[in-house]
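>>> need a structure here:
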Amino acid sequence: MSFTVIARYRCLPGRQDTVLSLLDQMGAASRAEPGCLGYRVHQGTEDPRALALYEEYAAEADFAAHCRTAHFQDIVLAQVVPLLESRDVLRCAPRAEVTA
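Modelled structure (predicted):
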């Protein structure tokens, strides 16, 4: 069963281009990690400062390993987070399908 992370970021005014550039680097590094099934960055169409990240991992342990990588520490925590007004991270597991 996969493990999904949905992160919502709101950039400080005028900082979204810098954050997006950093997230491009982060995405490339993350997609090369074992257990990373996908890493996509989305930008709000009505509010360009609003970003949403959709990350999918084979297991929760793969996401935990992702958070320990040098690129996560260097790019997200050290460079991106200081440029954000807000950050919300939702960790999700797929709900079992209900059959009728």
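
>>> What is the longest helix of this protein by residue count?
Of all the segments assigned as helix in the chain under DSSP state H, the longest by residue count is helix 16-31.

>>> Please list the residues outside it that contact it.
Contacts to helix 16-31, defined as Cβ atoms under 8 Å, 6 or more residues apart in numbering, come from residues 9, 11, 36, 38-41, 43, 48-49, 51, 53, 55, 66, 69, 71-72, 75-76, 79-80, 83-84. For glycine as for every other residue, the C-beta is placed from the backbone atoms N, C-alpha and C.

>>> Could you identify the helix or strand that succeeds that helix?
strand 36-43 (DSSP states H and E).

>>> Run through the residues that contact Glu60.
So Glu60 contacts Phe3, Arg91, Ala93 (Cβ under 8 Å, 6+ apart).

>>> Likewise for Tyr54?
Neighbouring residues of Tyr54 by Cβ under 8 Å, 6+ apart: Thr4, Val5, Ile6, Gly38, Tyr39, Arg40, His42.

>>> From the residues you listed, list just the buried residues.
The neighbour count (16 or more other Cβ atoms under 10 Å) marks Thr4, Val5, Tyr39 as buried among these.

>>> Let's have the residues you listed in CSV, adding distance to Leu20 and pLDDT.
Listed next are the buried ones among the contacts of Tyr54 as CSV, based on distance: Cβ to Cβ, whole Å; pLDDT from 0 to 100:
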residue, distance to Leu20, pLDDT
Thr4, 21, 97
Val5, 18, 97
Tyr39, 14, 98
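
>>> Look at stretch 53-73 and report the distance between its end residues.
Distance across stretch 53-73, first residue to last, is 17 Å (Cα to Cα, to the nearest Å).

>>> How far off centre is that stretch?
9 Å (Cα atoms, centre = their mean, to the nearest Å).

>>> And for stretch 15-25?
Taking mean C-alpha positions (Cα atoms, centre = their mean), stretch 15-25 and its chain are 12 Å apart.

>>> Could you pull up the mean pLDDT of that stretch?
Stretch 15-25 shows a mean pLDDT of 98.
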